[in-house]
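**Q** Please find the sequence and the predicted model below.
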Amino acid sequence: MYYEKAYVIKKLIYGNDHLEIATTLNHMGNLHKYRGQYDMALMLHSEVLGLKTKLYGENHPSVQTTVEIIGKIQRID
């Protein structure tokens, strides 16, 4: 619930394409992963991947880390 509130507030402050949005989505995705809600976790981490790719480019280490996270969730699910 708090992550969702933070997400809404940060979108108002920063807009849609900002690292703070990606960070909050990442936290939300991790929370869903730990709760066993893998479909939601994958959706959120996919959004993170799109944002990070847009902000950093495809070869940035942070983008690669997100790709690895998505792969791990897919193997669990």
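**A** That came in fine, so what should we check first?
**Q** Scan this structure for its longest helix.
**A** If you go by DSSP state H, the chain has its longest helix at helix 38-56.
**Q** Quick check: next helix or strand after that helix?
**A** Next in sequence after helix 38-56, counting helices and strands by DSSP states H and E, comes helix 61-76.
**Q** for that next one, which positions count as buried?
**A** 62-63, 66, 69-70, 73 (16 or more other Cβ atoms under 10 Å). Quick note: C-beta positions are derived from backbone N, CA and C, even for glycine.
**Q** Could you double-check that Ile73 lies in contact with Ala41?
**A** Yes - assessed by Cβ atoms under 8 Å, Ile73 is found in contact with Ala41 at 5.4 Å.
**Q** Who are the contact partners of the closest residue to Glu47 other than its chain neighbours?
**A** Using Cβ to Cβ, 6 or more residues apart in numbering and skipping residues adjacent in sequence, the residue nearest Glu47 is Leu25, 5.2 Å away. By Cβ atoms under 8 Å, 6 or more residues apart in numbering, the contact set of Leu25 is 7, 44-45, 47-48, 51.
**Q** With respect to Asn16, which of those is nearest?
**A** Leu51 (8.3 Å; Cβ to Cβ).
**Q** what about that closest one, how many residues close to it?
**A** 21 (other Cβ atoms under 10 Å).
**Q** now the residue nearest to Glu47: how far from Lys52?
**A** Leu25 sits 10 Å away from Lys52, going by Cβ to Cβ, to the nearest Å.
**Q** can you check Ala22 too?
**A** 6 Å.
**Q** do Asp17 as well
**A** Asp17 is 11 Å from Lys52, by Cβ to Cβ.
**Q** Give the residues shared as contacts by the two.
**A** Common neighbours of Asp17 and Lys52 (Cβ under 8 Å, 6+ apart) do not exist.
**Q** Show me the shaky parts of the protein.
**A** 77 (pLDDT under 70).
**Q** same thing but at 90, please
**A** Residues of the chain meeting the criterion pLDDT under 90: 1-4, 76-77.
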